[in-house]
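In: sequence unknown, structure follows:
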């Protein structure tokens with residue numbers, strides 16, 4: 001049984017969260033994460049576990065709270081995890097956009113774009129953001145823009161596997 005431990009501020013104690021027994025109401029977990037100012041990687045682990053369990057609304061709730069303005073202020077120096085949360089939301093909305101019919105499709109694609117834009121404002125060179133943008137462009141049928149996004153990553157790291165895979169898939173389609 002996998003668990004994560006959330007450090008209790010000002011003490012040596014920790015709150016144990018059993019990942020296979022997450023509460024149906026994510027508010028309880030969010031209250032703990034916020035009150036203890038838990039590291040953002042724990043927010044990501046818990047959100048991912050909700051997603052794996054098919055609890056999509058809880059997944060979204062954790063990530064949306066984890067990307068709010070107060071989080072941006074408090075965790076201003078924690079770039080990678082903030083970007084990871086925003087990119088997860090971007091990928092989620094890309095997925096929803098691919099699955100939906102118009103006009104809801106466009107709403108999800110717009111949301112995905114906004115999350116990737118926010119991630120880029122934190123670090124415009126982060127490869128995972130460019131790869132996510134590339135995937136979004138593929139989903140929207142904007143293949144040249146997708147190729148450009150993957151190329152930006154490959155110009156910095158020619159061995160980046162996700163970017164190589166994205167380019168190859170564009171080449172064969």
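Out: That came through, no problem. Just so it is clear, the structure is predicted and the values come from calculations on it, not from any experiment. Numbering: from 1, shown residues only.

In: for the most centrally placed residue in the chain, helix, strand, or coil?
Out: The residue lying closest to the centre of the chain (C-alpha atoms, centre = their mean) is residue 88, at 1.5 Å. In three-state terms, and counting by DSSP: H, G, I helix; E, B strand; the rest coil, residue 88 is helix.

In: also residue 12?
Out: Classified using three-state DSSP, residue 12 is coil.

In: give the buried residues for the least confident helix or strand in the chain by mean pLDDT.
Out: One helix or strand of the chain scores below all others by mean pLDDT, DSSP states H and E: helix 69-74, with a mean of 90. Neighbour-count burial for helix 69-74, counted by 16 or more other C-beta atoms under 10 Å, picks out 71, 72. To be clear about C-beta, it is placed using only N, CA and C from the backbone, and glycine gets the same treatment.

In: contacts for that helix?
Out: 37, 40, 65, 82 (C-beta atoms under 8 Å, 6 or more residues apart in numbering).

In: from memory the second one sits against residue 83, does it?
Out: No. Taking contact to mean C-beta atoms under 8 Å, the distance of 10.0 Å between residue 40 and residue 83 leaves them out of contact.

In: what's the neighbour count on residue 3?
Out: If you count neighbours by other C-beta atoms under 10 Å, residue 3 ends up with 11.

In: ignore what I typed, I meant residue 119.
Out: 27.

In: name the element it belongs to?
Out: Per DSSP states H and E: residue 119 is located in helix 104-122.

In: quick one: the helix or strand following that helix to helix 104-122, angle?
Out: Later in the chain than helix 104-122, the nearest helix or strand by DSSP H and E is helix 127-140. Between helix 127-140 and helix 104-122, the angle comes out at 160 degrees (axes from the mean of the first three to the mean of the last three C-alpha atoms, to 10 degrees).

In: and helix 127-140, what's buried?
Out: Of the residues in helix 127-140, those buried (16+ other C-beta under 10 Å) are 127-140.

In: ok, so of the residues you listed, who is nearest residue 159?
Out: For these, the residue nearest residue 159 by C-beta to C-beta is residue 127; the value is 11.2 Å.

In: residues contacting stretch 9-20, please?
Out: By C-beta under 8 Å, 6+ apart, stretch 9-20 touches 1-8, 29, 32, 35-37, 45-46, 49.
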